[in-house]
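Participant: Have a look; sequence and predicted model below, questions after that.
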Amino acid sequence: MPPKKKAAPVFPAPAVGELVWAKFGSYPWWPAVRCDPREVGADDRPTPEALLVHFFSTLEYAWMKPALVQPFGHLREGRAKSKAPATLKVAVAQAEVYEKSGAVPEGWGRPYEAISKAKAKGGGKKASEAAARKRKAGGVADEAGELQLTKRERRVRVMRQLGLMAPEDSPYARGAAKAK
């Protein structure tokens with residue numbers, strides 16, 4: 001007789017403002033804070049039971065199934081292991097500061113829709129260089145002139161931000177060997 005699988009622990013839904021671990025897609029468990037959708041202007045809840053979380057380090061929002069959100073103290077050491085991506089280590093450090101003092105990272109608390117717009121905005125030379133890099137990477141500009149990336153380009157950008165993929169200028173980046 002095969003061994004029985006252990007049932008996943010069931011946790012009560014975290015309170016708004018509570019520090020949690022959230023599991024999004026194939027990414028590792030990531031520290032986040034449960035948000036009140038009304039406070040950040042999010043009105044696109046996919047299901048009635050979905051929870052809105054705000055991730056540390058990436059400052060992204062996501063709607064999560066309650067089963068994929070656990071208390072921050074649960075399995076903390078195992079999730080912040082030494083082989084974790086650098087951005088996860090930064091996120092864990094930010095979450096620990098939040099847990100101790102309530103201090104949030106810079107850029108925290110922007111409205112729900114303002115996150116993606118704020119990344120595209122800026123000023124001066126840095127903003128024009130960033131826009132040039134985006135144009136070079138491909139994508140389609142919308143009516144406002146902002147670049148709309150394809151699904152694959154968004155996925156690659158997120159993977160690079162999380163340290164799961166080599167940077168563009170790295171010799172290990174896909175296609176770097178062809179360029180030389």
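Facilitator: Received it, and whenever you're ready, just let me know what you need.
Participant: Which helix runs longest in this protein?
Facilitator: In the chain, taking DSSP state H as the definition, the longest helix is helix 86-101.
Participant: what's the weakest-modelled helix or strand in this protein?
Facilitator: Every helix and strand in the chain was compared by mean pLDDT, DSSP states H and E; the lowest is helix 114-120, with a mean of 41.
Participant: Residue 40 reaches residue 112, doesn't it?
Facilitator: Yes - the pair residue 40 and residue 112 qualifies as a contact (Cβ atoms under 8 Å) at a distance of 4.1 Å. Just so you know, the C-beta spots here come from the backbone N, C-alpha and C atoms, and that holds for glycine as well.
Participant: Quickly list what's touching both of these two.
Facilitator: 52, 61 (Cβ atoms under 8 Å, 6 or more residues apart in numbering).
Participant: Show me what counts as buried in stretch 68-76.
Facilitator: Neighbour-count burial for stretch 68-76, counted by 16 or more other Cβ atoms under 10 Å, picks out 68-70, 72, 76.
Participant: ok but residue 31 is inside a strand, no?
Facilitator: Yes - with DSSP: H, G, I helix; E, B strand; the rest coil as the criterion, residue 31 is located in a strand.
Participant: what's the closest non-adjacent residue to it?
Facilitator: For residue 31, ignoring the flanking residues on the chain, the nearest one in space by Cβ to Cβ, 6 or more residues apart in numbering is residue 95 at 3.6 Å.
Participant: Now do the contacts for that neighbour.
Facilitator: 19, 31-32, 56, 72.
Participant: Name the nearest of the residues you listed relative to residue 10.
Facilitator: residue 72 (16.7 Å; Cβ to Cβ).
Participant: which phi and psi does the closest one have?
Facilitator: With angles defined as degrees, to the nearest 10, residue 72 sits at phi -70, psi -30.
Participant: helix, strand or coil for residue 52?
Facilitator: strand.
Participant: partners of it in the sheet?
Facilitator: With DSSP bridges applied, residue 52 shows beta-bridge pairing to residue 35, residue 63.
Participant: Give the burial count for it, as a bare number.
Facilitator: When neighbours are defined as other Cβ atoms under 10 Å, residue 52 has 22 of them.
Participant: just checking, it touches residue 61?
Facilitator: Yes - counting by Cβ under 8 Å, residue 52 does reach residue 61; the two are 6.2 Å apart.
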